[in-house]
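**Student:** Build me a model:
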Amino acid sequence: MEAVCMTTHRPSDALSMSGHPDLVELRQRYERAFETPQAWTAEALLLLAGLYAAISPWVVGFNSSSRGLAVNDLIVGLALAVLTLGVASVNVHLHGLTWLSPALGIWLIITPWVVQGVDRTAGVIASNVVVGACTVVLGAAVSAVALRAARRG
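**Tutor:** Numbers count the residues shown, from 1 in each chain. This is a model prediction of the structure:
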């Protein structure tokens, strides 16, 4: 008697894209683009900018009347740090979100004038404008890396 070996094929095996050559090549392209000293530097500095934005109300010493701005900077700074860590660790999946970093930087620049009830001292304005400008520049650099990787091929 011959043993009959029957294998069952699940429909999900045929539909799995994880091993598709185009996807593998795309992953490798993004890994090469983000594995450069320039990309590492931009990501590290962007992470530091996000962390500074989060702690800036306590570093600069926002007044109690600027509580709304302090909460805003904390949330935006943490969001920027989490976004940067995500792009740095899983850039293939999050490369399309790199445009958010410059947008968050612009928001940091304008918030002293947008948020109600802020005591606009020189330190508050300078802190937000400088960290916002750094975020715009560094976010644009990280976005440029992702855009170049997407266009190569």
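**Student:** where does the chain have low pLDDT?
**Tutor:** Within the chain, the stretches with pLDDT under 70 are 1-35, 91-96, 149-153.
**Student:** any chance you could map the helices in it?
**Tutor:** In the chain, the segments counted as helices under DSSP state H are 11-15, 21-34, 37-56, 67-89, 91-94, 100-114, 122-151.
**Student:** Residue 74 versus the nearest residue to residue 137 once chain neighbours are set aside, what's the distance?
**Tutor:** Of all residues not flanking residue 137 in the chain, residue 105 sits nearest, at 7.8 Å (CB to CB, 6 or more residues apart in numbering). Any C-beta I mention is one placed from the backbone N, CA and C, and that applies to glycine too. Distance, residue 105 to residue 74, using CB to CB, to the nearest Å: 16 Å.
**Student:** returning to what we had before: switch the helices of the chain over to CSV; also include mean neighbour count.
**Tutor:** As requested, the helices of the chain are exported to CSV (neighbours: other CB atoms under 10 Å):
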stretch, mean neighbour count
helix 11-15, 7
helix 21-34, 14
helix 37-56, 19
helix 67-89, 19
helix 91-94, 16
helix 100-114, 19
helix 122-151, 19
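**Student:** if we can go back for a sec, quick one: contacts for the residue nearest to residue 137?
**Tutor:** 49, 131-139 (CB atoms under 8 Å, 6 or more residues apart in numbering).
**Student:** what do you get if the cut-off is 10 Å, keeping everything else the same?
**Tutor:** Contact analysis of residue 105 by CB atoms under 10 Å, 6 or more residues apart in numbering lists 46, 49-50, 53, 76, 80, 131-140.
**Student:** Tell me who's in contact with residue 85.
**Tutor:** 43, 46-47, 50, 94.
**Student:** Let me know the closest of those residues to residue 121.
**Tutor:** Minimum distance to residue 121 across the contacts of residue 85 is 22.6 Å, recorded for residue 50 (CB to CB).
**Student:** my read: the closest one touches residue 82, true?
**Tutor:** Yes: between residue 50 and residue 82 a contact is recorded at 8.0 Å, counting by CB atoms under 10 Å.
**Student:** I'm done for today, thanks for sticking with me.
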